[in-house]
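Engineer: kindly generate the corresponding structure for this input.
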Amino acid sequence: MGTFIYNGIPVKRTCCSLFTNVLFFLYLWSSIMERGFEPGVQLKLMNGAGPVAQPQPKPQQREQWASKLEFFLAVAGHIIGLGNVWRFPYLCYKNGGGAFFVPYVLFLFSCGIPLFFLETSLGQYTSQGGITCWRKICPLFEEFCVEFSQNNVTENIPEKVTSPVMEFWERRILGLSGGIEEIGNVRWDLALCLLLAWIICYFCVWNGVKSTGKVVYFTATFPYLMLAVLLVRGLTLPGAINGIKFYLYPDPSRLSDPQVWMDAGSQIFYSYGVCTGVLTALGSYNKYENNCYRDCVYLCLLNSMTSFVAGFAIFSVLGFMADEQGMDISMVAESGPGLAFIAYPRAVALMPVPQLWAIFFFIMIIFLGLDSEFVYHEALVTAISDMYPSFFKMGYRRKILLLIICLVSFLAGLLMVTEGGLYVFQLFDYYACSGMTLLAFAILQSICVGWVYGADRLYNNIEDMIGYRPWPHMKYCWKFVTPIICTGTFVFSLVKYTPLKFNNTYEYPWWGYAIGGFFTLSSTLLVPLWMMYAVCKTPGSMRQRMRTLCSPAEDLPSPKSPKKELSSHTFETFTDLQTLRTVDRQTPVDV
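Structural biologist: Model prediction:
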């Protein structure tokens, strides 16, 4: 006979009947499931006498960045990637040179910076990742969505793009098949590169922000050193000025083309990393009093300036190449990644000891992809850990979770390093990382914060954190400007939608487009599905359910009201005394 203690009540049980014991434990399990697991109690067997209630070890406290610089570099590594060194310069010269800055700056101040600031400040205020932060401020908008960026997959094989001969790239490196129907065999040399990338990613993230914050000191700064070297070398080449003129010469007539505005909006969303949950996760490790407003402004300016300067480095070399070959620069400049992978290696080849500088260049390219990769996975692990903190924040469970994520990602990536993998990669890149998905999330985020939670309420929270109210431009963007512009861009994207063609020639089979549609809907549909589930699960009338689901959590940090009320009261008292003093001076005194 043994004694089982459940909720403080001793329960005797006998060992004479196995069937009775099974029924007893089934009853006990159903009772626990009905009551819910109490976070401070677990069942433990002591000395064979039966289970007794024992306190669980407390989950680990939330980590914080060791310094503001670590947060700054981690976010910089996330938002500054391969798109900065080739996509922005290409879009700039393609869409009217200097005239392209008009829609770019408009999207920057109406969507880019407001959404960037919204996500970072929300993570810092709630100290939660990209999923549970919405549970804190508005449970109706909580949804589980893993949004992989374009940067998350391109770094696996970027160093191979530099081949000067397309035949070498497609036949020797990729062994490219005739279509997605011929998936072929795994290219094991690329698979080893993929494995190495995930091993590096795991050890950069495995200890949380403690390890991530140290790695970014090198991965986020080295590309700037290399970019500065390439810029100086390019500007000193003959014909560089012609390339820069081609890069910046404005063509105002291009502004009448709606595609120019679409390109500007897509560049902002891709390069600023908004609506993916990463900024919220990185901001959640800040100290509560950190000035996130100033950090966001500096980071956004740094991102745009990096893109702008990278254009000088590229087109100065392209101007030299056009002058050397006696060709028009438009014939030299190629679209896509080839723009950077022709211009930069050409500049490297003109330096002393070109082999050494070529190694540095490829290290820069790898770092531009890697720091984006491990920051995305830090955000994913943070989101899952914050959803189940009592489980994943115990011992080595977080490291095991990260290992599982990296392993699954590696196995999924093997499909993209097959002979037909490039077709799969472009399908994933075109649909899963589509701008329409990001635009939909941007609209929902703006509505949630601007209208449901309240832009003024979030401004009060931000004032409590940083000590002053930011420029009201952000608040009005959250409520009006950002959702309107994003909705218009989203509708235009649907109207102008064209199915993907590989190299503008190969058309995918119908089931390929179906897979692409599944990639898009797999993340987007989770939002309305979660809303319907949350409404059905919440008790009460429809009005009571909506009130419950749109109310912020009670455990959010409360404003430091006593201190601020005391200061306000002191000011009012001083004003009243000053008024009385003035009146007394003006009142004649009878002697």
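
Engineer: all contacts plus neighbour counts: C-alpha atoms, from now on.
Structural biologist: Noted.

Engineer: name the nearest residue to W188, sequence neighbours excluded.
Structural biologist: V417 (8.0 Å; C-alpha to C-alpha, 6 or more residues apart in numbering).

Engineer: tell me where the model's unsure across the stretch 251-400 of the chain.
Structural biologist: 332-343 (pLDDT under 70).

Engineer: I meant to write the chain there.
Structural biologist: For the chain, the ranges with pLDDT under 70 are 1-60, 143-173, 332-343, 433-434, 560-591.

Engineer: and it, what are its domains?
Structural biologist: 2-55, 68-531 (automatic domain parsing).

Engineer: among those domains, which is the most enclosed?
Structural biologist: Ranked by mean neighbour count, those are led by domain 68-531 with a mean of 19 (mean count of other C-alpha atoms under 10 Å).

Engineer: phi first, then psi, for V186.
Structural biologist: The phi/psi pair for V186 (degrees, to the nearest 10) reads phi -70, psi 130.

Engineer: let me redo that: E507
Structural biologist: Torsion angles, degrees, to the nearest 10, at E507: phi -100, psi 130.

Engineer: mind listing the helices for the stretch 151-300 of the chain?
Structural biologist: Assigned by DSSP state H, counting those that start in this stretch, the helices in the stretch 151-300 of the chain fall at 151-154, 166-167, 188-205, 209-219, 222-235, 240-248, 258-272, 278-283, 292-325.

Engineer: quick one, which of these gets closest to F362.
Structural biologist: Nearest to F362 among these is helix 222-235; the distance by C-alpha to C-alpha comes to 10.0 Å.

Engineer: got the CA coordinates for the closest one in CSV?
Structural biologist: Taking Å, rounded to 0.1, in the frame of the first residue of the first chain, the C-alpha atoms of helix 222-235 are listed here in CSV:
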residue,chain,number,x,y,z
PHE,A,222,33.8,43.6,-41.0
PRO,A,223,31.5,44.2,-44.1
TYR,A,224,31.8,47.9,-43.5
LEU,A,225,35.5,47.8,-43.5
MET,A,226,35.5,45.8,-46.8
LEU,A,227,32.9,48.1,-48.3
ALA,A,228,35.0,51.2,-47.4
VAL,A,229,38.1,49.6,-49.1
LEU,A,230,36.0,48.8,-52.3
LEU,A,231,34.6,52.3,-52.3
VAL,A,232,38.0,54.0,-52.1
ARG,A,233,39.4,51.8,-54.8
GLY,A,234,36.4,52.3,-57.1
LEU,A,235,36.4,56.1,-56.8
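
Engineer: just use 34 as the starting number from now, easier for me
Structural biologist: Understood, numbering begins at 34; the last thing we discussed is helix 255-268.

Engineer: which elements pack onto that helix?
Structural biologist: Using 3 or more C-alpha pairs under 8 Å, 6 or more residues apart in numbering; DSSP states H and E as the contact test, the elements touching helix 255-268 are helix 325-358, helix 371-382, helix 387-420.

Engineer: need the ones you listed in TSV with distance to N117, can you?
Structural biologist: Listed next are the helices and strands packed on helix 255-268 as TSV, based on distance: least, C-alpha to C-alpha, whole Å:
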stretch	distance to N117
helix 325-358	5
helix 371-382	10
helix 387-420	10
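
Engineer: quick one, which of those is nearest to L209?
Structural biologist: Nearest of the helices and strands packed on helix 255-268 (C-alpha to C-alpha): helix 371-382, 18.0 Å.

Engineer: save the domains of the chain as CSV, and put in distance to K570 too.
Structural biologist: Listed next are the domains of the chain as CSV, based on distance: least, C-alpha to C-alpha, whole Å:
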stretch, distance to K570
domain 35-88, 15
domain 101-564, 10
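
Engineer: which of these sits closest to L582?
Structural biologist: domain 101-564 (4.9 Å).

Engineer: dead centre of this structure: give me the residue that sits there.
Structural biologist: V311 (3.2 Å; C-alpha atoms, centre = their mean).

Engineer: pull the distance from stretch 556-563 to the chain's centre.
Structural biologist: With C-alpha atoms, centre = their mean, to the nearest Å as the basis, stretch 556-563 stands 18 Å off its chain's centre.

Engineer: before we move on, what about stretch 385-398?
Structural biologist: Counting by C-alpha atoms, centre = their mean, stretch 385-398 is centred 29 Å from the centre of its parent chain.

Engineer: F461 is nearest to which of the helices of the stretch 184-333 of the chain?
Structural biologist: Judging the helices of the stretch 184-333 of the chain by C-alpha to C-alpha, what sits closest to F461 is helix 184-187, at 9.5 Å.

Engineer: returning to what we had before: L477 is nearest to which of the helices and strands packed on helix 255-268?
Structural biologist: helix 387-420 (18.7 Å).

Engineer: quick one on the thing from earlier: pretty sure the residue nearest to W221 is touching V219, no?
Structural biologist: Yes: taking contacts as C-alpha atoms under 8 Å, V450 lies within contact range of V219: 5.9 Å.

Engineer: then stretch 310-322 to PDB, C-alphas only?
Structural biologist: Output of stretch 310-322 as PDB, limited to C-alpha atoms (Å, rounded to 0.1, in the frame of the first residue of the first chain):
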ATOM      1  CA  GLY A 310       9.200  39.200 -35.600                       C
ATOM      2  CA  VAL A 311      12.900  39.700 -35.400                       C
ATOM      3  CA  LEU A 312      12.900  43.300 -34.300                       C
ATOM      4  CA  THR A 313      10.500  42.500 -31.500                       C
ATOM      5  CA  ALA A 314      12.600  39.600 -30.300                       C
ATOM      6  CA  LEU A 315      15.800  41.700 -30.300                       C
ATOM      7  CA  GLY A 316      14.100  44.600 -28.600                       C
ATOM      8  CA  SER A 317      12.800  42.300 -25.900                       C
ATOM      9  CA  TYR A 318      16.300  41.900 -24.500                       C
ATOM     10  CA  ASN A 319      16.800  45.600 -24.000                       C
ATOM     11  CA  LYS A 320      16.600  47.200 -20.600                       C
ATOM     12  CA  TYR A 321      13.300  48.900 -19.900                       C
ATOM     13  CA  GLU A 322      14.800  52.400 -19.800                       C
END
